[in-house]
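Engineer: Give me coordinates for this.
(2 chains)
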Amino acid sequence: MATINFSVNGTSHAIDTDPLRRLLDILREDLKLTGVKEGCGEGECGACSVLKNGILVNSCMIPIGTCEGTEIITPEGLRETVQGKAIIDAYGESGAVQCGFCTPGMMMATEALLRKNPSPSEGEAREALSGNLCRCTGYDMIIDGVLKAAERGKGLW
Amino acid sequence: MVDSYRPLSLKEALDLRADTGAMPFAGGTDLMVRYRYESGAIPDYPRPVMFVNQLDDLRKIRRIDHGLSIGAAVTMTEVLDHDDVPEILKEALLTIAAPGLRNTATIAGNICNASPAGDSICALYALDAGVKLQSPGGERIEPIYQFITGPGKIDLHADEILTEIIIPEDHSTIHLFKKVGTRRANALSKLTLSAVARISDSRIDEIRIAIGAVAPTVVRSLELEKRMEGRSLKEVALEAEDILRDYDALVQPIDDQRSTAVYRKRVAMNLVRHFLLGVVLQQKGA
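Structural biologist: Residues are numbered from 1 along each chain as shown, chains lettered A, B, ... in the order given. Just a heads-up that it's a prediction; the model follows:
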C-alpha cells in the first residue's frame, strides 16, 4: 500500500491503495468517473483514454503508482471546458455518436490532437484517432466531427 | 499480490533490482497485457515490480561519441519527436500501435519483450544498435543481435537493468522499412523488413538487412552483408541471385494466428529482393 497524490479534473486526491492497481479502476471504482470506459483492457480500443499531464494515454495500461504528482483529465473534466463543449457539439452535429461507448475516448483523443495541432488534415485526424475503435459508425462521421470541432472552435486551442 | 517499488535514483533502482529481483517496469504496455488478470483486478505479476519511468537518468536522449543514446524510459513518442533519431527507426515506430500507446510504451520495453515481431527491434538490428546493461557492479554494452537470444528471451542478468539503447551514427544513403500487418494501426506484424545501405561511387560501403517475424529472432546475416560490402554494384549484381538464395535459407517462418509460413516467406523474400535489386542495385552508376 502507498499513498498516491494526484489530481483529477483539477481536484487533488490522496488515495491509499496498491500502486499496481490500474488508473482505469481507480477512476471508475474509487472516484466513480464512469465516463472512462473499459473496452478491451489491453490497450487496443482506446475507450479508457484519458489525458495524463496533457498526454493521451490508455488508462487500462497505467498503474496508479506511476501517477504520483500527475494531472489527469477524464471525459467528465473535458466536458466542462469550452473546448470539450465544442467537441461535443461538433460530434452531435456530425452524427458521430451511435451507441456511444467509444465516444468519451474518441473525444479525449480529439482534445489531445487539437491541443497539438488545432487545424488538422483529415489524414492527421485519422492517425490521431487510430487507437480508438468504433463498431457502429464506420468512423467517417467521427472524423467529420473532429474536423468540424477544429473549424468551429478555431482559436480555442 | 506482489510488492512494488518506485526508486528515485538509478543507484537505488540498481540496488533494488539486485536485492529483490524486481521486474523493471517502464511503459508497461507489454507487462500489463501479459499479466492481465480479471477486469478491475491487479495484474498477476509473478515477481515484484519496480517502476523506472520516473528516473531522470533514463529519460534522456543524448548525442554520444559516434552516435545517439536513448534512455530506457524514453517513450516512443519522445523518440519520434527528436531530431537526431534515424529516419528508419521513426518509420518503424510510427507503425507501432497508436498514439496513446506510443505515449506510454518504450523502445527498451519492446527490446526486453523480445518478440520476433517487435517492430522497433527490427529497425534497431538494421541500425546495428546496442544496449547498455547496468548492475551495481558495473556495466556492459551488447549488440542487440546478441542480447536477444530467442522469442521472449534476453541475455539480462538477474542484477541488471537495461538503461540505454545505443545507436551508432547512421551514414546510410538509402533505407527501406516495410511492415506487413492486417491493418495500419494497432496490428502486430505478420513480418517486417528493415534495410539500410551506404552507396558511394557505385560501391556498397555498408549494407544491413534485417527481417522480422520470420524466425525465432530477427534475421540478419553479418556474413552475407560482408559479402556485399566494399564491392561494386556490378559485382554484387552478378551474385545477387546467389545472395538471395542464402537469405531464403535463413527465412524460416511459422504458421500462427497472424499469418502463415508460406505467406511470410513469399512476402519477406519479395521485400529483400526488392531492396537488393530494385533499390540498392538501381543506384546511380550500377
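Engineer: Could you report the neighbour count for the residue in chain A that chain B sits nearest to?
Structural biologist: Nearest residue of chain A to chain B: residue A:131, at 2.6 Å (CB to the nearest CB). Any C-beta I mention is one placed from the backbone N, CA and C, and that applies to glycine too. Neighbour count for residue A:131, taken as other CB atoms under 10 Å in any protein chain shown: 24.
Engineer: which residues touch it?
Structural biologist: A:44, A:46, A:49, A:58, A:109, B:97, B:98, B:99, B:100, B:101, B:185, B:186 (CB atoms under 8 Å, 6 or more residues apart in numbering or on different chains).
Engineer: What distance do you get for it to residue A:61?
Structural biologist: 11 Å (CB to CB, to the nearest Å).
Engineer: So what's the predicted local confidence for the spatially most central residue of chain A?
Structural biologist: Closest to where the C-alpha atoms of chain A average out (CA atoms, centre = their mean) is residue A:108, at 2.7 Å. In this prediction, residue A:108 carries a pLDDT score of 98.
Engineer: How many neighbouring residues does the residue in chain B that chain A sits nearest to have?
Structural biologist: Residue nearest to chain A within chain B: residue B:98 (2.6 Å; CB to the nearest CB). Neighbour count for residue B:98, taken as other CB under 10 Å: 24.
Engineer: For it, grab phi and psi.
Structural biologist: phi -150, psi 170 (degrees, to the nearest 10).
Engineer: can you give me the helices in the chain?
Structural biologist: Let's take chain A. For chain A, the helices defined by DSSP state H cover A:23-25, A:75-78, A:82-94, A:103-116, A:122-128, A:140-152.
Engineer: not quite, I wanted chain B
Structural biologist: So, for chain B - with DSSP H - the helices run B:10-20, B:31-34, B:76-80, B:87-94, B:99-102, B:107-113, B:119-126, B:144-147, B:222-228, B:233-250, B:261-273.
Engineer: from the ones you listed, which stretch is densest packed?
Structural biologist: helix B:119-126 (a mean of 28; mean count of other CB atoms under 10 Å in any protein chain shown).
Engineer: I'd say residue B:26 and residue B:50 touch.
Structural biologist: No - contact criterion CB atoms under 8 Å: residue B:26 and residue B:50 do not qualify, at 10.0 Å.
Engineer: Neighbour count: those two, which is higher?
Structural biologist: residue B:26 (29 against 23).
Engineer: Now do the same contact list for that one.
Structural biologist: B:52, B:53, B:58, B:72, B:73, B:106, B:108, B:109.
Engineer: how much space is there between the closest residue to residue B:146 other than its chain neighbours and residue B:147?
Structural biologist: With CB to CB, 6 or more residues apart in numbering or on different chains as the criterion, residue B:146 has its nearest non-adjacent residue at 6.8 Å, and that residue is residue B:155. Distance, residue B:155 to residue B:147, by CB to CB: 5 Å.
Engineer: Over to residue A:21?
Structural biologist: 32 Å.
Engineer: Show me which residues of chain A are close to chain B?
Structural biologist: Listed as neighbours of chain B in chain A under the rule CB under 8 Å from any CB of the partner chain: A:2, A:18-22, A:25, A:29, A:38, A:41-44, A:46, A:49, A:55-58, A:60-63, A:65-66, A:68, A:109, A:112, A:127-128, A:130-133.
Engineer: tell me the contacts of the residue nearest to the centre of chain A?
Structural biologist: A:49, A:50, A:51, A:56, A:73, A:74, A:75, A:78.
Engineer: count of neighbours near the closest residue to residue B:73 other than its chain neighbours?
Structural biologist: Nearest non-adjacent residue to residue B:73, counting by CB to CB, 6+ apart: residue B:58, 3.9 Å away. Neighbour count for residue B:58, taken as other CB under 10 Å: 24.
Engineer: which residues does residue B:58 contact?
Structural biologist: Per CB under 8 Å, 6+ apart, neighbours of residue B:58: B:10, B:26, B:52, B:71, B:72, B:73, B:74, B:163, B:164.
Engineer: Between those, identify the one with the most neighbours.
Structural biologist: When neighbours are taken as other CB under 10 Å, the top entry among the contacts of residue B:58 is residue B:52 (32 neighbours).
Engineer: That residue reaches residue B:72, doesn't it?
Structural biologist: Yes - using CB under 8 Å, residue B:52 is in contact with residue B:72, at 6.8 Å.
Engineer: and for these two, which residues touch both?
Structural biologist: What both residue B:52 and residue B:72 touch, as defined by CB under 8 Å, 6+ apart, is the set B:24, B:26, B:58, B:161.
Engineer: Below-threshold pLDDT in chain B: ranges please.
Structural biologist: For chain B, the stretches flagged by pLDDT under 70 are B:285-286.
Engineer: need the residues of it near chain A, please.
Structural biologist: Contact residues (CB under 8 Å from any CB) of chain B with chain A: B:1-2, B:4, B:6, B:25, B:27-29, B:32-33, B:36, B:39-40, B:42-43, B:45, B:49, B:51, B:53-54, B:77, B:97-101, B:103-104, B:184-186.
Engineer: These in strands, which ones?
Structural biologist: B:4, B:25, B:49, B:51 (DSSP state E).
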